[in-house]
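S.K.: Just a sequence and a predicted model for now, questions to come.
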Amino acid sequence: MRRTFTRVLPQLLTLAVLMALVTLFFPQFLAVDYQGGRLSGPVIDVLKRGAPVALLAVGMTLVIATRGIDLSVGTVMAITGAAAAWAIASGWGAGTAVLLALAAGLVCGLWNGCLVAVVGIQPIVATLILMTSGRGIAQLITEGRILTFNDPGFAWLGSGILAGLPVPVFIWILTAVAVAILMRRTALGLLVEAIGINRSASALAGVNARVLLIAVYMASGLCAALAGIIATADIRGADANNAGLWLELDAILAVVIGGNSLLGGRFSVAASVLGAMIIQTIDTGILLAGFPSEYNLVIKAGLVLIILVLQSPNLASEWYFLRRSLTQRREPKPVPSRVKE
Amino acid sequence: MTVNPRLYPLLATIGIFMLAYLVCWMQFPYMLSTRVVGNLLTDNAYLGIVAVGMTLVILSGGIDLSVGSVIAFSGVFIAVLLRDTGLHPLAAFAILLAVTTAFGAAMGGVIHLLAMPAFIVTLAGMFLARGAAYMLTIESVPIVHPFYETLKNAYWLMPGKGRLTLIAIVMLLAVVAGALIAHRTRFGASVFAIGGGEQTARLMGVRVGATTVGIYAFSGFMAGLSGIVFSIYTSSGYPLATVGTELTAIAAVVIGGTLLTGGAGYVLGTLFGVLTMGLIQTYIVFDGSLSSWWTKIVIGVLLLLFILLQRGLLRVSSLRA
C-alpha cells in the first residue's frame, strides 16, 4: 500500500496543484451539493466525464507495459456502442446489448492481439488497421445513421445514479481496482512487465508471451467496450463517426502522465487512472475558469514536454552523474560518458 | 530476368493500382479520361505532398503525428496573415514554410536529444500545432486575394480537356524532389541507414543527430507546403481541418510499399499509395449507390494486405540469406 502511495505521489500532487489552480479562478470548484439523492458539483462532473478516458487508460496501461500501443480503442468504442444500440433497437433488451458490446470488444482485442503476437506486426501498425477500418464497420452496423434508442435500463449505465454518485464513476473505479488486484495479487503483472522489458528473454524464461500478449490486447478491447457502453448510454444513441474520436490519444496521454514508460516495463494502473483525472480536470477547469478552450491543447502539449524531459533516458544518465559528482566531490570524477541504449 | 526483391512491394503497389483502374474502367469507361485523372491528382494533392514527407520519416524508422495539425495551422496562419496585414501571399508562404520547417526541426532535435520515441514527441507537436491554430482563430477564415484566385485557376489543359491544376503540378514536383532526396543524395542514404539500424548507422559514420533533425524538418516543410496547397484548394483557413490526415498519410505510405520498420521503400510508391486511396473514393462517387464508409473498410483491408505481403517478403529474404 505504501509503495503504491509513493508511486502515485507525483500524480496526486499534480492533481492537487491543478485543483488549487482551478479553485483560484473558480472558487466553487470544490463545492459539492446534495440534492434529491444525488451529489452534484464540478468535482463529481470531473469524475463522471473522465470515465471513458479512465477506462481506456486502464487497458492502455497494460498494452503499453508490454511495449505495445493500442490506437484502435476509440474506434472500438464506436463499434461496441453501435453493436449495443443495434441490439436494443432490435428489441433484445439491455442485458443482451451489454453482453454483445463486451463480446465485440473482446473480438476486436483478439484481432489486434493476433496481429501483434502471432503475425508479428508492430503494435502501432497492427492497431492502425482497425483504427482506420473500424469506423467503417461501426457505420455498417448503424447504417450510417445515429442509432437512438430509449431503454431506461441501458441508459442507467451512462446517466444513472447509484448511492448518490453517477454510475460511470463506479464502473471505472471498479474496473481499475479489479485490474490492479488481478495484476498485483497474482504474478500476471510481473509477467506482463517481463514481456515489455525483453520479450525474447521472457519467452526463454518460460513466459507464454504469445498468449499473454493476446490477453492484454483483449483486456484493452474489453475496457474500450465498457467505455463505449458508457458513452452510448450517456447520449442514448450510437454515433459511429464521433464516439470515442481521438480518445486513444487522451488515453495514451493519461498513461504517460501516469509516469508509465512508453518503452514498456513497470506500470501502475492507479497512476494512469489519476492521469486520466488530471486530463479531465484540465478540460473542465479551463471551461469553468472562463479561459477559452483553445488553450487546452497547448497546455496538454506543455505537459507532455515536461514528462518527456523527466523520462528521457539521456537526461537520466546526466542527472545521475550530476548527483554523483555532487556527493563525491573529493573523489576523482568519473568520466561522464553518455550512456545510450 | 530476375527482379530485385526490394522492388516487389513497389511493383505490387503499381500492379494493384493498375488492376483497380482497369476494374473501374471496365465498369465506367469515362474513368479513363484525363478529366478524371486531373481531378484525382488535384483532390489528393495536399495528401500526396504530406505523404512524401511522411515517407522519409518512416524510412528512418520514425513517425510524424503532427502533420495534420500543421496543415490546419498553415491554412489558419496564412488566412489570418492575409486578413490582418498587407503582406503578399508569397511573403506569407515564405514565413509559413520557415515556421513549419523550424517546428519540424525542433521536434527532430527533441527526439534526438531526449532519446524519446518519435511517437510521443510528435504527439506533443500535434497538440501544440492544433492549439496554436485554435489560438489564432476558432472560426473558418476565408481567403480573399486576387493572387489566390490566379493560383486557384491556374492549370494546364491536357489533351482530352482534363485540367492539370497548379496544385497537382506542385504535388508531382514534390514527389520528384522527395525521390531525388531519398534515393540520390548523401542525406537520403543516411536516412535509409538510420532506418536499417541506428547503432549500425552510427558506427558507419552517419551523423545521426543532424540527420534526424533534417528528416523532421523536411517533414515539417512538406506539411507547410501541403497546408499552402490545401488553403488554395479550399480558399480558407480552418483550425478544425485535416483532423486525422497524419494517419491517412501513414496508410498511403504503407500501401505505397514502404516498410514501417524503416530502411526500405520508394517515394514513388507513396504516390501510387495516395492515388489508390483516391481511386477508391472516385469509384464510390462514380457508383453512387455505395456508402462512403466502404472507403474506410477497403483502405483497412489494403493496409492489412500490404503489411502481410511485407512480412512474407521479409521471411522469404531472411530464409534465403
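M.R.: Yes, it's here. Numbering: from 1, shown residues only, chains lettered A, B, ... in the order given.

S.K.: Now stretch A:265-279 - C-alpha only, CSV.
M.R.: What follows is stretch A:265-279, C-alpha atoms only, in CSV (Å, rounded to 0.1, in the frame of the first residue of the first chain):
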residue,chain,number,x,y,z
GLY,A,265,8.2,-2.4,-18.3
ARG,A,266,6.9,-1.3,-15.0
PHE,A,267,3.4,0.1,-14.8
SER,A,268,0.9,1.4,-12.4
VAL,A,269,-2.8,1.3,-13.1
ALA,A,270,-3.6,3.7,-10.3
ALA,A,271,-1.2,6.3,-11.7
SER,A,272,-2.7,6.0,-15.2
VAL,A,273,-6.2,6.5,-13.8
LEU,A,274,-5.0,9.5,-11.9
GLY,A,275,-3.5,10.7,-15.2
ALA,A,276,-7.0,10.5,-16.8
MET,A,277,-8.4,12.5,-13.9
ILE,A,278,-5.7,15.1,-14.4
ILE,A,279,-6.6,15.5,-18.1
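
S.K.: any low-confidence regions in the chain?
M.R.: Picking chain A for this. A:1, A:311, A:327-341 (pLDDT under 70).

S.K.: think we crossed wires, I meant chain B
M.R.: B:1-3, B:314, B:317-321.

S.K.: For chain A, what's its nearest residue on it.
M.R.: residue B:300 (2.3 Å; CB to the nearest CB). Placement of C-beta: from N, CA and C, glycine included.

S.K.: was I right about residue B:248 contacting residue B:277?
M.R.: Yes. Counting by CB atoms under 8 Å, residue B:277 is a contact partner of residue B:248 at 7.2 Å.

S.K.: who touches both of those two?
M.R.: Counting by CB atoms under 8 Å, 6 or more residues apart in numbering or on different chains, the shared contacts of residue B:248 and residue B:277 are residue B:47.

S.K.: re the thing from before, mind checking which helix or strand the residue of chain B closest to chain A is in?
M.R.: helix B:293-320 (DSSP states H and E).

S.K.: Return the distance of that helix from the chain's centre.
M.R.: Relative to its chain's centre, helix B:293-320 lies at 19 Å (CA atoms, centre = their mean, to the nearest Å).

S.K.: Buried residues in it, which are they?
M.R.: Applying a neighbour-count criterion of 16 or more other CB atoms under 10 Å in any protein chain shown, one finds B:293-300, B:302-304, B:306-307, B:310, B:313 buried in helix B:293-320.

S.K.: got it, and stretch A:245-256?
M.R.: For stretch A:245-256, the neighbour count (16+ other CB under 10 Å) marks A:245, A:247, A:248, A:249, A:250, A:251, A:252, A:253, A:254, A:255, A:256 as buried.

S.K.: helix or strand for the fifth one, which one?
M.R.: This points to residue A:250. Using DSSP H and E, residue A:250 falls in helix A:247-257.

S.K.: and that helix, anywhere near chain B?
M.R.: Yes. Residues of helix A:247-257 are located near chain B by CB under 8 Å from any CB of the partner chain, namely A:249, A:252, A:253, A:256.

S.K.: Look up the closest residue to the second one, ignoring the ones flanking it.
M.R.: This points to residue A:252. Nearest residue to residue A:252 in three dimensions, chain neighbours excluded: residue A:60, at 6.2 Å (CB to CB, 6 or more residues apart in numbering or on different chains).

S.K.: from what I can see the one you found touches residue A:255, true?
M.R.: Yes. Proximity of residue A:60 to residue A:255 meets the contact threshold set by CB under 8 Å, at 5.0 Å.

S.K.: Need the residues touching each of these two.
M.R.: In contact with both residue A:60 and residue A:255: residue A:272, using CB under 8 Å, 6+ apart.

S.K.: Can you show me the helices along chain B?
M.R.: In chain B, the segments counted as helices under DSSP state H are B:8-27, B:34-43, B:45-59, B:67-84, B:89-114, B:118-136, B:146-153, B:166-184, B:186-196, B:198-203, B:208-234, B:245-255, B:267-287, B:293-320.

S.K.: and among the ones you listed, the most buried is which?
M.R.: helix B:45-59 (a mean of 30; mean count of other CB atoms under 10 Å in any protein chain shown).

S.K.: and that one, what other elements does it pack with?
M.R.: On a contact count with 3 or more CB pairs under 8 Å, 6 or more residues apart in numbering or on different chains; DSSP states H and E, helix B:45-59 meets helix B:67-84, helix B:166-184, helix B:186-196, helix B:208-234, helix B:245-255, helix B:267-287.

S.K.: Put together JSON lines for the ones you listed, with distance to residue A:297 on each row.
M.R.: Putting the helices and strands packed on helix B:45-59 into JSON lines (distance: least, CB to CB, whole Å) gives the following:
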{"stretch": "helix B:67-84", "distance to residue A:297": "9"}
{"stretch": "helix B:166-184", "distance to residue A:297": "28"}
{"stretch": "helix B:186-196", "distance to residue A:297": "30"}
{"stretch": "helix B:208-234", "distance to residue A:297": "17"}
{"stretch": "helix B:245-255", "distance to residue A:297": "15"}
{"stretch": "helix B:267-287", "distance to residue A:297": "28"}
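
S.K.: one step back: work out the gap between the helix holding residue A:250 and the centre of the chain.
M.R.: 6 Å.

S.K.: Now the helix or strand that it is followed by: buried residues?
M.R.: Next along the chain after helix A:247-257, taking DSSP H and E as the criterion, comes helix A:269-288. Neighbour counts over helix A:269-288 (16+ other CB under 10 Å) mark A:269-286, A:288 as buried.

S.K.: How far away from the center of its chain is helix A:269-288?
M.R.: For helix A:269-288, the distance to the chain centre is 11 Å (CA atoms, centre = their mean).

S.K.: Do it and chain B come into contact?
M.R.: No. On the criterion CB under 8 Å from any CB, helix A:269-288 is out of touch with chain B, staying 11.5 Å away.

S.K.: Mind giving me the packing neighbours of that helix?
M.R.: Helix A:269-288 packs on helix A:2-25, helix A:42-49, helix A:51-65, helix A:167-184, helix A:247-257, helix A:295-311, going by 3+ CB pairs under 8 Å, 6+ apart.

S.K.: Report the distance from the helix or strand following the first one to the chain centre.
M.R.: Put plainly, it is helix A:2-25. Sequence-wise, the next helix or strand downstream of helix A:2-25 (DSSP H and E) is strand A:33-35. Between the centre of strand A:33-35 and the centre of its host chain there is 30 Å, according to CA atoms, centre = their mean.

S.K.: same question, stretch A:87-98
M.R.: Between the centre of stretch A:87-98 and the centre of its chain there are 27 Å (CA atoms, centre = their mean).

S.K.: if I look at residue B:212, how far off is residue A:131?
M.R.: 26 Å (CB to CB, to the nearest Å).

S.K.: Actually, residue A:72.
M.R.: The gap separating residue A:72 from residue A:131 is 5 Å, by CB to CB.

S.K.: out of these two, which sits in the busier spot?
M.R.: residue A:72 (28 against 25; other CB atoms under 10 Å in any protein chain shown).

S.K.: That one - nearest residue in space that isn't next to it in sequence?
M.R.: Residue A:72's closest residue in space is residue A:130 (CB to CB, 6+ apart), at 3.9 Å.

S.K.: in what helix or strand does the one you found lie?
M.R.: Residue-wise, residue A:130 maps onto helix A:123-142 under DSSP H and E.

S.K.: what's that helix packed up against?
M.R.: Short answer (3+ CB pairs under 8 Å, 6+ apart): helix A:123-142 packs on helix A:73-89, helix A:93-114, strand A:237-238, helix B:245-255, helix B:293-320.

S.K.: Just the buried residues of stretch A:297-307, please?
M.R.: Result for stretch A:297-307 [16+ other CB under 10 Å]: buried residues A:297, A:298, A:299, A:300, A:301, A:303, A:304, A:305, A:307.

S.K.: how far is that stretch from where the chain is centred?
M.R.: The chain centroid and the centroid of stretch A:297-307 are separated by 17 Å, computed with CA atoms, centre = their mean.

S.K.: That concludes my questions; thank you for your assistance.
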